[in-house]
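Colleague: model this:
(4 chains)
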Protein chains: 2
Amino acid sequence: MKPKQRLPDRKSKVTIREVALNAKVSETTVSRIMRNEGPISEETREKVMKSVRELGYVPNRIAGALASLNTHLVGVIVPSLKNIVFPEVLRGIQSGLKGNHMQAVISVTEYDLATEEEMVRGLLAWNPVAVLVTGLTHNEATSRMLRQSLGRVVEMMEIDAEPIDAAVGMSHRSAGYETIRHLLTKGYRRFGYVAHDIGPDRRARLRHEGMVQALSEAGLGFIAESRAETPSSVGIGKAMTARLLERAPDISVAIYSNDDMAVGGVFHCMETGRSIPSDLAIFGFNGLEIGQQLPQPLSTVRSNRFLIGRTAIEQILNDKERPGSPVRVDTGFEIVDGATA
Amino acid sequence: MKPKQRLPDRKSKVTIREVALNAKVSETTVSRIMRNEGPISEETREKVMKSVRELGYVPNRIAGALASLNTHLVGVIVPSLKNIVFPEVLRGIQSGLKGNHMQAVISVTEYDLATEEEMVRGLLAWNPVAVLVTGLTHNEATSRMLRQSLGRVVEMMEIDAEPIDAAVGMSHRSAGYETIRHLLTKGYRRFGYVAHDIGPDRRARLRHEGMVQALSEAGLGFIAESRAETPSSVGIGKAMTARLLERAPDISVAIYSNDDMAVGGVFHCMETGRSIPSDLAIFGFNGLEIGQQLPQPLSTVRSNRFLIGRTAIEQILNDKERPGSPVRVDTGFEIVDGATA
DNA sequence: CGCGTTTCTGGTGGCGCTACCATCACGGTA
DNA sequence: TACCGTGATGGTAGCGCCACCAGAAACGCG
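Modeller: Alright, predicted model coming up:
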């Protein structure tokens, strides 16, 4: 009597049992060899590896994860893939993962906290070793899940508030503040602000808050602000610059919500024959390559995005357990004194 | 006698059993409710969902996957995240996945086929529903694994050769060919070529081959080529343009391996006071936003990257089984007759 | 030579869930 | 009344692997 067939015959599936039988050792031994664990004689190892190759055995990680309660999986949640910023964070993550036989499961929220909740729930169902999320703001359910989850939780990009477990990033508030301080030092007094839809982009809002504070301490404020209701892009940067200059033609410097927008500002000036920075100075945020390669390198703030991803992974590799109290790692930022401001 | 403790107490883990006990139904019923499957009375459903909420139950997908042999996981392998091209493919993938409670596991090869092999092996160990890889060229072991794997395999970006299961993308060879035809029609005869390191970038090589073929049919060839040995970037595009013009100052049009490089070419011309296209015409590849927002929109070829990712997912959702013979889906391309050529 | 100690190998009970079969109540139909 | 279909629920044997315990064999060491 042949064994009951539960599911369609998944071809001739090779399990650890087949390998063990073929090599005439126990399943335990095969398992240990596959995991490079415990003392194994060279002879046995070779015998088993021969069977592994012959049979084309690929260990089933699902079963392994269930038995060992360890998945080697890292959940990653980023808000967007529309510009190069988060892919760079992902690159940092991938570079840190490499060689640790860990794998990243990636989800994108489109800056929506309800979507984030759904993604977090989906990720936690895989019992990941760690979850890397973006930002320190989540909805109630998400925060609860992350707090109660068993693995590490790293909140990336910001460090302006208290994290659940660990935060790796920079202070966007001080970046905004220092931007204004820098521009004040350079003599600018008539400020304009150009932004994409910063409703959902909390970090852009924090930078703006930092700017407003520094301006207010100097007895100043933005003369005009022009904000789009769409995500950032070079095109939107152009359009919003045009609108800003219509409303307030006499500003001396325009600060942008990020470099994509600022590059749009530069292109607008090129098209309308304004000289930068004499007619209008331009200041961005992120320090993207494109900005630095413009005929006049963009003045901006370098955020270390690759480093943030990399450091986030290092945090969880260095310490599998949550620290006693939440940790913040500052990856810093740097004012890039380019040629546009 | 308390039960044997196999592993450190994972806090008070809530399993389907706890929910079943709490709601006074069987595990089977809870399982069915969690999966929205089979007939369930409204009364029972509510009773169970109440317990689920009270206990904060999150189904363990690992166990579910092991029992059902279905993971709802899609493995994705891309060569790079250094420019915006592959993130756009990923966006297409994520958009197709959304609402199908599927998840993407993403790996990056850095254009290295041995790394690709390692990543494929790692992904297959998770029994994914499908694996999406980039390109049609793999090493021997990778091809074998993909061919023998049980799920769907979609090779993205190219359709110039025979796929394993399905290919979604465009013909890079004809894109190159049509580029030259287009430029010949516009009267250009003195061609230069500027590239990043196209050793590992097979698709850039295919485009180049198509160009060479079209040129040769017209009794022409590239007067000069300038190739870097680094990945593409705006900066490298600038530098290679400078080198090209040193060697062959009399070319009338420079064709670039992609838009990043071409934008570098545009910036070089701006810096050196060359007018585009009269002194030098410039032609890229990809149709990135940045190119279209330049003061003069870049002449280029639009590759539909979001669509490729999206279509790849649709392929595997529409048909869980491999087709009888390999399928190729052409997402097309479009010559963008901009202002730079 | 006796007795630890180290090195290597094996048996097996779950991990948490779902596929598969059974069961039971109920209503409609011949 | 007998029978069948349908809706709703339950019991349980694995899925493939690994943690845990054992045990055998080879190796020092006084």
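Colleague: So what touches the lengthiest helix in chain A?
Modeller: Ranked by residue count, the top helix of chain A under DSSP state H comes out as helix A:202-217. Here helix A:202-217 makes contact (Cβ atoms under 8 Å, 6 or more residues apart in numbering or on different chains) with A:135, A:137, A:157-158, A:160, A:172-181, A:184, A:191, A:193, A:195-196, A:198, A:221-222, A:255, A:257-258, A:285. C-beta here means a position set from N, CA and C on the backbone, and glycine is covered the same way.
Colleague: Keeping just the C-alphas, turn the following helix or strand past that helix into CSV.
Modeller: Following helix A:202-217 in sequence order, the next helix or strand is strand A:224-227 (DSSP states H and E). What follows is strand A:224-227, C-alpha atoms only, in CSV (Å, rounded to 0.1, in the frame of the first residue of the first chain):
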residue,chain,number,x,y,z
ALA,A,224,6.7,82.6,0.2
GLU,A,225,6.1,78.9,0.1
SER,A,226,5.0,76.9,-2.8
ARG,A,227,3.9,73.3,-2.2
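Colleague: Give me the sheet partners of strand A:224-227 and which way each runs.
Modeller: Within its sheet, and counting by DSSP bridges, strand A:224-227 is paired with strand A:191-195 (parallel).
Colleague: and the end-to-end length of stretch A:128-146?
Modeller: End-to-end distance for stretch A:128-146: 12 Å, by Cα to Cα, to the nearest Å.
Colleague: List the buried residues in that stretch.
Modeller: Residues of stretch A:128-146 classed as buried: A:128-138, A:141-143, A:145-146 (neighbour count, 16 or more other Cβ atoms under 10 Å in any protein chain shown).
Colleague: Just name the closest of the residues you listed to DNA strand D, please.
Modeller: DNA strand D lies nearest to residue A:129 out of the buried residues of stretch A:128-146, by Cβ to the nearest atom of the strand, at 13.2 Å.
Colleague: got any ranges where chain A has weak pLDDT?
Modeller: A:1-12 (pLDDT under 70).
Colleague: Secondary structure element holding residue A:36?
Modeller: Short version, using DSSP H and E: residue A:36 is in no helix or strand.
Colleague: repeat for residue A:144
Modeller: Using DSSP H and E, residue A:144 maps to helix A:140-148.
Colleague: thinking again about what came up before, got the CA positions of the longest helix of chain A in CSV?
Modeller: Extracted C-alpha coordinates of helix A:202-217, given in CSV (Å, rounded to 0.1, in the frame of the first residue of the first chain):
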residue,chain,number,x,y,z
ARG,A,202,7.2,63.5,7.9
ARG,A,203,10.9,63.9,7.5
ALA,A,204,10.5,66.8,5.0
ARG,A,205,8.1,68.3,7.5
LEU,A,206,10.7,68.0,10.2
ARG,A,207,13.3,69.8,8.1
HIS,A,208,10.8,72.5,7.4
GLU,A,209,10.1,72.9,11.1
GLY,A,210,13.8,73.2,11.8
MET,A,211,14.1,75.9,9.1
VAL,A,212,11.2,77.8,10.5
GLN,A,213,12.7,77.7,13.9
ALA,A,214,16.1,79.0,12.8
LEU,A,215,14.5,81.7,10.7
SER,A,216,12.3,82.8,13.6
GLU,A,217,15.3,83.0,15.9
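Colleague: relative orientation of it and strand A:191-195 in degrees?
Modeller: Angle, helix A:202-217 to strand A:191-195, by axes from the mean of the first three to the mean of the last three Cα atoms, to 10 degrees: 170 degrees.
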